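K.L.:
Need a 3D model of the following:
(one chain, ligands or ions: 1)
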Amino acid sequence: MTPDDASDDDGVAQRCGLIAIVGRPNVGKSTLMNALVGQKISITSKKAQTTRHRITGMRTVEEAQFVFVDTPGFQMKHANPLNRTLNRTVQSTLSDVDVVLFLVEAGRFGSDDEKVLSLMPEGKPLVLIANKLDEIHRRSDLLPWLQKMQARHPFTEFVPMSAQKKSDVDRLFGILKPYLPEQDWFYEEDTLTDRSEKFMASEIIREKLFRLTGDELPYTSTVVIDKWEEEEGGTRRRISASIVVERDAHKGMIIGGGGERLKRIGSEARQEMEKLMEARIFLELWVKVRSGWADSEEHLRSYGYE
Ligand SMILES: Nc1nc2c(ncn2[C@@H]2O[C@H](COP(=O)(O)OP(=O)(O)OP(=O)(O)O)[C@@H](O)[C@H]2O)c(=O)[nH]1
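P.N.:
Residues are numbered from 1 along each chain as shown. Okay, the predicted model is just below:
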């Protein structure tokens, strides 16, 4: 055996592969990916459509390295350029993965799920994850539904589970392992994400923003990091970021009476960044109005959604 062989110390061949998680908005994709990676990587919120970027996380279990790709929720209601970009991102993500996890809510299959299913590439292993099993009160209802799903598409596996239940998530690794090709790992064993700290910072701000504004704020609001300075050998960061919204009314909504809400968004985001980056963070937050940006392909490119 040569040192280049894809094997670990015991001579067991290493496996490594890409896994995409797809499904309509709010079905639990981010929750599942975070549970699989074992740490909060992607942002979750009760508000649909919070995940817009392609986020990867990875987890190595014994000889197998699972590299997860989180995809944005499909948006079908409005066909503006932002939504077209989202669907393009999903399709380009799927073209180079080894297995696709198609999430639905256990016992439900609506036209929005159907639309997602119709966009799945042919010839790729497609695993049906029937998530939120904990919300099904009569398990006997599930069998006829599973049979219908089986008739609908040649899924390679059927996995009823709850992304919030650890034993279900652990079981999924065993189910997925055979789909990973035998090849060297892409990442070191303990790597969790290849996203930059800058990206994580903007995601954290965006999560706080949506959490603290509830359902009032349209999902087109975004966060841009304007300044990033490291001091004291990396133990201190000065970060300046802008929340970009479409209307003056949204700006007021974010700032809140006496600036209270913006202060809270900033302080919660700062605390989470300090934990993640193990550094002192000085965070400056601005709110800017960029009217109509979601309708302009030009703006989308400049904000990095290509
Ligand atoms: N009861 C229950 N709730 C779940 C489960 N998994 C996720 N949820 C909840 O479903 C909601 C949506 O979860 P997300 O993980 O943000 O969904 P998503 O598919 O990433 O959503 P988008 O970002 O909009 O595409 C959250 O309130 C989760 O807590 C589950 O197994 N059981």
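
K.L.:
tell me the domain boundaries of this protein?
P.N.:
15-179, 197-302 (automatic domain parsing).

K.L.:
Mean neighbour count, distance to the ligand and mean pLDDT added to those, as TSV?
P.N.:
All C-beta spots, glycine's among them, are computed from the backbone N, C-alpha and C. TSV is the format used below for these (neighbours: other CB atoms under 10 Å; distance: least, CB to the nearest ligand atom, whole Å; pLDDT from 0 to 100):
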stretch	mean neighbour count	distance to the ligand	mean pLDDT
domain 15-179	18	3	81
domain 197-302	16	8	83
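
K.L.:
Helices along the stretch 201-306 of the chain, start to end?
P.N.:
Using DSSP state H, counting those that start in this stretch, the helices assigned to the stretch 201-306 of the chain run over residues 248-255, 260-277, 297-302.

K.L.:
who does Val289 bridge with?
P.N.:
Residues in a beta bridge with Val289, per DSSP bridges, are Val245.

K.L.:
Quick one: residues contacting it.
P.N.:
Applying CB atoms under 8 Å, 6 or more residues apart in numbering to Val289 gives the contacts 244-248, 250-251.

K.L.:
go with 10 Å
P.N.:
244-251 (CB atoms under 10 Å, 6 or more residues apart in numbering).

K.L.:
Okay, strands next: where are they in this protein?
P.N.:
15-22, 55-61, 64-70, 99-105, 126-131, 157-160, 222-231, 236-245, 280-289 (DSSP state E).

K.L.:
Adding distance to Gly258 as columns, could you present these in a markdown table?
P.N.:
Shown next, in a markdown table, are the strands of the chain (distance: least, CB to CB, whole Å):
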| stretch | distance to Gly258 |
| --- | --- |
| strand 15-22 | 41 |
| strand 55-61 | 35 |
| strand 64-70 | 37 |
| strand 99-105 | 41 |
| strand 126-131 | 41 |
| strand 157-160 | 49 |
| strand 222-231 | 22 |
| strand 236-245 | 18 |
| strand 280-289 | 15 |
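
K.L.:
closest one to Leu143 among the ones you listed?
P.N.:
strand 157-160 (10.0 Å; CB to CB).

K.L.:
hmm, who's touching that closest one?
P.N.:
In contact with strand 157-160 (CB under 10 Å, 6+ apart) are residues 99, 101, 103, 106-107, 125-133, 136, 139, 142-143, 145-147, 149-150, 168, 171-172, 175-176, 178-179.

K.L.:
ok, now with 8 Å
P.N.:
106, 127-130, 133, 142, 146, 149-150, 172, 175.

K.L.:
Parallel or antiparallel, list what pairs with it.
P.N.:
strand 126-131 (parallel).

K.L.:
still on that earlier bit, in CSV: the helices of the stretch 201-306 of the chain, plus distance to Ala201.
P.N.:
Formatted as CSV, these follow (distance: least, CB to CB, whole Å):
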stretch, distance to Ala201
helix 248-255, 17
helix 260-277, 6
helix 297-302, 19
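
K.L.:
do you know which of these lies nearest Leu117?
P.N.:
helix 297-302 (26.4 Å).

K.L.:
so Lys251 makes contact with Val287?
P.N.:
Yes - Lys251 lies in contact with Val287 (CB atoms under 8 Å); the separation is 4.8 Å.

K.L.:
what is in contact with those two at once?
P.N.:
Common neighbours of Lys251 and Val287 (CB under 8 Å, 6+ apart) are Val245.

K.L.:
which pair in the contacts of strand 157-160 spans the largest distance?
P.N.:
Gln150 and Leu172 (19.2 Å).

K.L.:
Just grab the bridge partners of Met58 for me.
P.N.:
Val67.

K.L.:
In contact with the residue lying closest to Pro154 once chain neighbours are set aside, which residues?
P.N.:
Excluding its sequence neighbours, the residue lying closest to Pro154 (CB to CB, 6 or more residues apart in numbering) is Leu126, at 8.0 Å. Counting by CB under 8 Å, 6+ apart, Leu126 makes contact with 99-100, 102, 120, 153-156.

K.L.:
same question, Met273
P.N.:
With CB under 8 Å, 6+ apart, Met273 has these contacts: 200-201, 204, 237, 239, 281, 283.

K.L.:
Go again with 7 Å.
P.N.:
201, 204, 281 (CB atoms under 7 Å, 6 or more residues apart in numbering).

K.L.:
quick check, nearest of these to Asp226?
P.N.:
Using CB to CB, these come closest to Asp226 at Ala201, 11.4 Å.
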